[in-house]
Every structure is written in structure tokens, then in C-alpha cells.
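please work out how this folds:
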Amino acid sequence: MLGMANSLCYGEQGGADSGVEVGQETPTAGGAGFGLFSTDFKRNEDLKEMLESSKESLKLEAMKRVVGLIAKGKNASELFPAVVKNVANKNLELKKLVYVYLVRYAEEQQDLALLSISTFQRALKDPNQLIRASALRVLSSIRVPIIVPIMMLAIKEAASDLSPYVRKTAAHAIQKLYSLDADQKDHLIEVIEKLLKDKSTLVAGSVVMAFEEVCPDRIDLIHRNYRKLCNLLMDVEEWGQVVIISMLTRYARTQFISPWKEDGVFENSEKAFYESDEEKRKSAEETKPYAMDPDHRLLLRSTKPLLQSRNTAVVMSVAQLYWHLAPKHEVNIITKSLVRLLRSHREVQYIVLQNIATMSIQRKGMFEPFMKSFYVRSTDATHIKTLKLEILTNLANEANISTVLREFQTYVKSQDKAFAAATIQAIGRCATNISEITDTCLNGLVLLLSNRDETVVAESVVVIRKLLQTQPSEHSDIIKHMAKLFDNITVPMARASILWLIGEYCEHVPKIAPDVLRKMAKTFHNEEDIVKLQTVSLAAKLYLTNSKQTKLLTQYILNLGKYDQNYDIRDRTRFIRQLIVPSERGGALSKYARRILLAPKPAPVLQSAFKDRDRFQLGTLSHTLNSKATGYLELSDWPPMAPDQSVRNVEVAEAMKEWSPAVGKAKSSKSDDKFYSDSGEEEDEQAADSGSDEEGGSEGSTRTPAESENSETSEDSSQSEKSSDSGTGVKKTTTQKNKKLQQAKKPRKVSPSACSLPANRHIGDKRTAMQDVTGHVRSSLAFQVHVKPFLSCKLWCSVLAPSQVEEKPKKEVSLLDLDDFSPAAVTMTKSSILSPSVLSDLHGLSLAASSPAIQVSPVFVPVHTYELLHRMTGKGLAAQYHFSRQPCIYDDRMISVQLTFSNNGDHTLENIHISEKTSAGQNIHCFSPIECLEPEKSVTVSMGVDFNDSTQAASFQLCTKAEGFNVSIQPAVGELLLPVTMSEQDFSKEQGKLQGMNESSATIAMTPESITSQPLHRKVVNMANVGVVPSGQNNVHRFAAKLVSSGALVLVCVVQKDSGAQLTVNTEKTIIGSMLLRELQTVLSAP
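Sure, this is the predicted structure:
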């Protein structure tokens, strides 16, 4: 949304790029110097006048300039009063820019923002999703504790919005509200739990980020959504992919066992390690092949394609996931992707190289084939060069050390002093790690002592000192050579290192050491503090080993240090004097002086600075800083035993409860009701997404977990049966023509025994029985034309139900007289639609508590048809459609649409079918292809469309054998409903639950002809597919329905008055409620 608004900020006439900066006055010729100290009291006055003008064009131009100021970092807070006045403007573009401004300054101008809070609340019901999202964003930006309840209500409402963009904004607002009031955590967790069930890829990343901020320890919320998140990962936006991968990495470390076990044997490998025969015999019975959890494998398989992502953060996230979760023999697949990232900007290179440096310490073999990619380039920055040097040092081994050292020789000559010094340290590490080249490296470093660069010489001395500590007796010549160069070295650290070497190994150079001490005595007062300290230490060591030659020099140096300005030197001098030259009073430690000063010291270990960074998760800020950052969540250790994996199982066909709870019944302790509609208006969701997170998809039968393994096979067979029967879908009508046809051809009667099956019968037997029933169905023409279209679903559910249906021998059921039975509520699956008209006969099924909302037949079915394809556009093929207002036989979430094709041409049309469905987020069940259509002939077929409770047109391509035509079906808001009825008491109770933001109302001025109840009822049921609720008051008319896709209840109440009527619509789907209110208001106002 911001992209549309921000695009207006640049390149506009008089905008941010104009010659004179917006909000600044042009200085006068003579006042340039004085202008530096003057205060501009008229700044932004022109913008204020434009914002307060009555012309929309001036306001829009002013807002473009204001947003341009914000984009350039200018302060535009003083314009807040003028801007906030336009928040209720009807101009959509202006309103978007106003909300962009308010999001930026609402926190700073809280008092003024609170004055417009009612406007923000009204905007939450705006038909435009961008306005609703912007209003919620502004509302959550007003960080005042007093409006926390309002924010909480708005977030809950937005979480069930039809638009995934609004639901995404609600997830963002959760984090803001939690930072404002942490006491709302429990309520926010409930919203997060319901948003985690959202199937929209636009929402997934945002809600996971809210989960990480609010309740990262609630891993139990992820169990049932784990597989869905893995399957949706490819389609989530890049920012969301990073967040989800990070969360799933933590989740996997707590739910799966380690794939790195040393005693594990992979099933696809013959041997994972070698062991002695005795150990084999001991562990033969205990060692079991390592079998990776299928969900663990699903995570690795789902993230692997993201290694080819163009976003470097995504690639880095997948790389760290594989590093922390994948078996060791599978980690190598991330190598090429990480090396590819080295072609990015230097900021990206820095992070990637840091992670590679950590990886290369433990697994050198991963990056050895790509060693050339880490060669330093002259254009690299110093920090990039240092990291590449670190990696080359980690990768060095006996096989490639010669190549590495040749590279290092070139790097030492670099003009970058810091990099040259780091190279010398790297040479020292190589010499320590690979003993075969220690002498070679020492000789090379000694040659560097003659270098003109002081930094190189100093670093060489320090590294040589560390190397000599490993074998001091064999390298006395090097110590002598360094002593000779002592006068030419001026860097304090290098001089101090040489003095330490001479003092530590003075026994190997007995003639040179006293002479060096003599030279230091001459220049003692001019040396740096670190050199003075080492001079005092050298004097003490020589006094203990060669007191004859150095006794006087030692006393002289101790006297100089006694009066030095640095207190550290004075303290060290007094300590050394008492230690080696004890006084009469003290001297207890003098006998231990040699052991203290000349004790053997262990050789220093030269190791990588990245050795201990693996304790932090790769790719995190803590790993980059090598320090635990605020908010860092540590990876837990692998569990010793695999946790129960059934917690991630999702039932294939969950029992769908009735919308309304039973009156007087206690609520179930665990509710499966969803907070939002799973099939909301999701512009960016693919149709395949809904099937990827629940295996077995949309079968109408209830299956056990064992049977769910064969879901794919059963689903295919079910789909083929549905496709073959798509032309037999029929509806019940009450026309005279249909009655005559019923009398002419009487259908066969099916008794309840035909639908009953023993409880212990297998699913195959049930399908056989289903085929027998459908055989009877197809044999009757009257059944094909007049029986309710959802009957096939009823039979399917009754045949496949595990319960046995009791048989009543005295009562024979006619399939054409189904409405004579009393209604009863039945527990049914999601994909089945059970009408109360046949439920009383299915006595064997388990009955649920009765519900106030009872689905009924349509009160009125309009005959109005809509043109789908004109005969001229279709080249002879004409198509019309109308809504039958009957439950769809294909899916209870779909709306049944009748299509009538007519051939107005002079040639036969062949293979009429739907070839391409282009509607995003909408599910379309196609009709069976029409093989041929003769000229002047017509044919009627049925199809199902899941509009996701939206009036957005369902677009698809209607094709013949030779042509293809793009068509669309546009539903009216009244066609998205299915009629239900309930008692007047239940209506009032449910209406009371849908107050506040869930209620829309309007006053209607009605004509005298519309005062009677019969025309009012006719108008309402003609416009909307609603059921009539009995009313005990003559002036109050109530109607009830439920949305086809989500099942949300819609209540309509019309209260007649003297001069008009009060119309009220209650539903949790506020957008549908607003649209239905406008349509009803128009219809009822008409004469």
C-alpha cells in the first residue's frame, strides 16, 4: 500500500524534487547572512492553507508534498492538525496519503490522534481493504494505554477479515499492542493461535513473527500448523520465509532426535563409521539404523529449493537450518549457494563470510573445492579481506598449504597495513597447525624483519615469539638475529616481544643478553611503558642467571624504575627488588625467585577468532557480534528420545459443528471453531495451498487415521465418480411442469434399509453399497430432474457412516417426499451437507445437540439469468447462468451455478469445457465436458464455485474444440447465503452476540405500498437467499442465513415504523454485512 502512496512523492510537479525545497522560503538577496540567525515563522504555511482549502486537488497536492518531506527525512510534525482534519475525506488517494502521514506521527502527536479515534474505528469497516488496514495501523501506532481495549477489539475483528492484507496488518498490530501492554498476552495468544490456522501465504510470515515476539515458548501452538507452514513456505514472501525458517529451526531442535549421533547408522548407507570387532559384538543388538522423522525430512525438503532464492537473507536462513538440522552428509548442498552470495554487496559478503568462517572450522571439506572464491581482491574492503584470510587459514592443510602460502606472500606486500599484519598472523597459525611448514614459515618471517614497514616488522616479531615458544632450543640463531635488529625496530610491541624472548631464553644467548640490557639502560627513560616493564623483567632474569655481568646494570635499572612516572612501573620495580634483592627484614620469597621468574611457560595456542562462535545460531546478530543480543533465543539441545509425533497430525475430515450452540447446553471443553473464515478473500493464495496442508483433502467420508494413509487413492476414485455424475445434479422445484412430470414418471423408492450398513463393514463394502444406490438413482429420470441436488451427498455420508442405520419396516421413504419429516441435527463432516428433511429417517447416526440454526429450503428462487457469453463473442456459442440457491453437490463451501449453453451457429460445437481457471484463491468445480452440441440446441449443466464469501468475480476460460473465451461469473451478495431458520428467542440471543462492530443499520423511507408484510418479505427473499424467522410482532420481520463458504451467521431484522423502517444486519463478516445492508436498503426503498 505504501508503494502506491510513496510513488506520488517523487517526480511530481512542485514535489520533493522542485527547485525550492518544500516548506522553505526563498532567501532575499540582501538577507542571506542574516537568514542564518533568523527564525522562519511562516514555514509550511502554504501547505497548511492547501490542506485547509475546499479543493480536493490542492489537498492532494499538499499531501504529496508532505509525504515527500517525510521521505527525505524532514520534520513535518507541525502539520499534524491540518492533516488529521482530512482523515474522513472521501477521496481514496488523499485518504491513503493521510494514513501514511498518521502512521509516522501518531505516536508523537497522541493527543490530537485520540481526537480522531472514532474516525479510525469507522474506517475499520470501510469497503476498501487498504483503508481498513491503514486505520488499524494508525490505531496501533497511538501508544496510549487508555485505548488498549479498543485496539484489542480492532485486532480481533481484523483477524477475521476477508482480506488477507488486513489480517496481515492485524498480525503486525499484535506486536505493537504487546509492547504497549504485556498484560494482554493471553488474549493475544488466542488471536495468534487462530491466525496460525490461516491458509493465506500473505499472513503466515506476519503471524509467525508475532508468535516469536509474544510467546516464542508456546511450541504447542505450532504442532498442528507445522506441516502447513512447511508446505506454504515456498509461496510466502521473502521476509516471511526468513522468520518462518528461523522459528522452524528452533521447533525442530525440540521435536526431533539428532541426526548426528555417532552410533547411528543411516538406512541408505552401508557403514557410517568404523569400529573394532569387539565393539561391534557389544553394540550389535543396541545399534539401530537411524530413521529420520518424516516431518523432519519434510522441513529439509521444503526449504531446499529456497537455496536458489534471489534474496540473500532467505539463502542464509536455509543454510543455517541445514547446518543445525541436517545430517552431516547432506550439509554440503548449501556450499554453492553460500559461495554465490559472495558476489553480492560488501555488507552481504561480510555476514556470509562470517558464517562460512564458523563453518570452515568444523568442516573444512565443505569449502575446499571453492578455495579460489576466497582469494582476496584488491577492491575488497579491509574487513572483507580479513574474513577471507580467516577462511583460507581454516582451509589450509598439507595438500594445499603451498598454494595458500603463495597467496599470503602477495598479501604481505599489500599497502593495507592492517591486512598485512593479519596475513602475518595467519602465517603463524598455519605454521602452528601444520608442523611440516613451521621452519619454512619461521624463515620467511625472519626475512620480513628487514622490511621497511614497521607494522610488518612488529607483527612478525610477535608471531615469531609465539612460534619460538614451541621449540626455543632449535632456533637460538633466530633470537640472535632479532637481537641484532633490535636497534632498528621502533614499534613498542615488537621491542617488548624481543626483550621478552631474550629474557625467557637468556640461557641460549648468554653473550647477547647482557649487551641488550646495557643498551636498554641507556634509553630507559625514553621508552614506552610496555618496553620499560619488559626491561625490568629482563634485568631480573639476567640477575638470577648471570649476576656477575648484570648485577650493576640491574640495580641501575631498578633505581630508574623506582622513580618512574608510571605507577605500574614503580610497583613492578619495588616488587622485583624485594624478590631478587631481599632486605634484612623480609625476603621470604627470595628463595622462590627463580621458580617464579624462570618458570617454564606453555606455548601459546594460535586459534581462530571464530572458534567459539558456533555456540550462537548462525545468521543471527548474536553470532555476528559474538555476544548474546537482546531477544536472542538459544537453540535447545536435541532431545534424547523422540517426542510424540502424533501431535502434528491433522484429521483429514474434521467434524464441523453447527454455528450456533445448543440452548441450555454446556459448551464443549475443547472447541474446533475457527476464529476466521479459512476461505476468506485471499488474493494471493493458490488453490493448491488448501490441499497441501491436509492430506486427503476434501473427501466427504469420515475416515480413521489408518484409512487416511490411502487418502490419495480414495480421493482420486471419489473425484472420478463426482465428475461422472456432474451432469446428474438436479434441484427440487415446485412448478406445475415438474409436478406433471412427477406424475408421468414415478421414481423408485428407496427405503432406509438401502442406506444402512453394519458398523463393522469395510470401506470397500461401503463403496459397493454406494454404487448400488447410485445405480438406482441414475435409473430414474424423475430423480435426475426433481430430487434435491444435495441428496447424493446425504446418501454418500449415510453410506460411509460408521454407525449402523436402523430399519423401519412399516415406513417406506419416498425420495420425492423428503420434506414431510421433522428436522433433527446430525454431526456431519465438512464436505457433506445434511438437510433436516431426511435426518429423522437416519436413526442409526449419532445425533448431536440440536442447534438454533436449521438449514431450510430456499423461500424463493428467482428466474433471472445472467449472460456469461454472448453469441457474437462466442462465435455462435451463447452461455447464460443463474444461481439455483440450492446446496452444491460437489462441496458444501461452493455455490451451485446452472449454466445453459446454446448453439446459435450453423455447425456443431464439440468438446465444450473449462480449460483454465484464473481466479486466485477461488475454487471452481468444473462441469463434465460436453462432447457435442448440435445447431439450435441447448444443454444445461451445473458447476460449483467457492467465492470465499466475496463478490469478486470467478474468472475462467470457456473453451470449445477450436476456440477459447475468457468469461467470469459475478455473484450478488445475496447469492452467497444459504437460508436457515430458528426461533424468535434464538434469533434475539444470537443477535445479542453480534453487536458493536458486527452490526450495521440504516433507516429506510418506504412507500405506502411496501408497508404490508407480504411485499416486504417478497423483496427481501428475492434479493437475498435468506430464511424467514417466525415473529410474534406484526411490525418486526426477521430473516436468517449463513454464508456458504465460512458458515458465518447473517441476521437481518426490519422494524417497520410510521414513516419508514429500521434495517439492521448482524454478522461477524462486517464487509458482507455492509454490502448486504446497502443492497437491502436500495431494494426496500424502491416502490
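
what's the first-to-last distance across stretch 120-134?
Using CA to CA, to the nearest Å, one end of stretch 120-134 lies 9 Å from the other.

find the nearest non-adjacent residue to Pro935, please.
The shortest distance from Pro935 to any non-neighbouring residue, by CB to CB, 6 or more residues apart in numbering, is to Asn903 (5.2 Å). Where C-beta positions appear, they are placed from N, C-alpha and C, glycine not excepted.

let me fix that: Gln471
Nearest non-adjacent residue to Gln471 (CB to CB, 6+ apart): Thr438, at 7.7 Å.

thinking again about what came up before, can you read off the pLDDT for the residue nearest to Pro935?
pLDDT for Asn903: 90.

can you start the count at 375 instead of 1 from here on
With 375 as the first residue, the last one maps to Asn1277.

quickly list what it is bridged to.
Note on Asn1277: beta-bridge partners Leu1251, judged by DSSP bridges.

the residue nearest to Gln845 - that's part of a helix, no?
Yes: with DSSP: H, G, I helix; E, B strand; the rest coil as the criterion, Thr812 is located in a helix.

got the contact list for it?
Counting by CB atoms under 8 Å, 6 or more residues apart in numbering, Thr812 makes contact with 805-806, 841, 844-845.

re the thing from before, check contacts around the residue nearest to Pro1309.
Shown in contact with Asn1277 (CB under 8 Å, 6+ apart): 1250-1251, 1283, 1307-1312.

can you pull out the low-pLDDT segments for the stretch 775-924 of the chain?
Where the stretch 775-924 of the chain drops to pLDDT under 70, the residues are 846-849.

go again with 90.
Applying pLDDT under 90 to the stretch 775-924 of the chain flags residues 775-776, 779-792, 794-795, 799, 802-902, 912, 914-924.

so which residues of it form strands?
Counting by DSSP state E, counting those that start in this stretch, the stretch 775-924 of the chain has no strands to list.

please identify the helix or strand for the residue nearest to the spatial centre of the chain.
Closest residue to the average C-alpha location of the chain: Gly579 at 1.7 Å, with CA atoms, centre = their mean. Assigned by DSSP states H and E, Gly579 belongs to helix 575-588.

now the element after that helix, going C-ward?
Moving toward the C-terminus from helix 575-588, the next helix or strand (DSSP H and E) is helix 600-606.

what packs against that following helix?
helix 575-588, helix 612-629, helix 668-677, helix 1063-1066 (3 or more CB pairs under 8 Å, 6 or more residues apart in numbering; DSSP states H and E).

dump it to PDB, keeping only the CA atoms.
Extracted in PDB, the C-alpha atoms of helix 600-606 (Å, rounded to 0.1, in the frame of the first residue of the first chain):
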ATOM      1  CA  TYR A 600       3.800 -27.400  11.300                       C
ATOM      2  CA  ARG A 601       3.100 -29.200   8.100                       C
ATOM      3  CA  LYS A 602       1.100 -26.400   6.700                       C
ATOM      4  CA  LEU A 603       3.900 -23.900   7.300                       C
ATOM      5  CA  CYS A 604       6.300 -26.200   5.600                       C
ATOM      6  CA  ASN A 605       4.100 -26.600   2.600                       C
ATOM      7  CA  LEU A 606       3.300 -22.900   2.300                       C
END
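
ok so, going back, just the helices and strands packed on helix 600-606: most buried one?
Mean neighbour count (mean count of other CB atoms under 10 Å) peaks for helix 575-588 among the helices and strands packed on helix 600-606, with a mean of 24.

for that one, name the packing helices and strands.
Helix 575-588 sits against helix 538-554, helix 559-569, helix 600-606, helix 612-629, with contacts defined as 3+ CB pairs under 8 Å, 6+ apart.

mean confidence score for it?
The model assigns helix 575-588 a mean pLDDT of 93.

over to stretch 1355-1367?
87.

cool, and stretch 731-739?
88.

now it: buried residues?
731-735 (16 or more other CB atoms under 10 Å).

helix or strand for the closest residue to Thr844 other than its chain neighbours, just tell me which one.
Of all residues not flanking Thr844 in the chain, Ala977 sits nearest, at 4.6 Å (CB to CB, 6+ apart). For Ala977, there is no host helix or strand (DSSP H and E).
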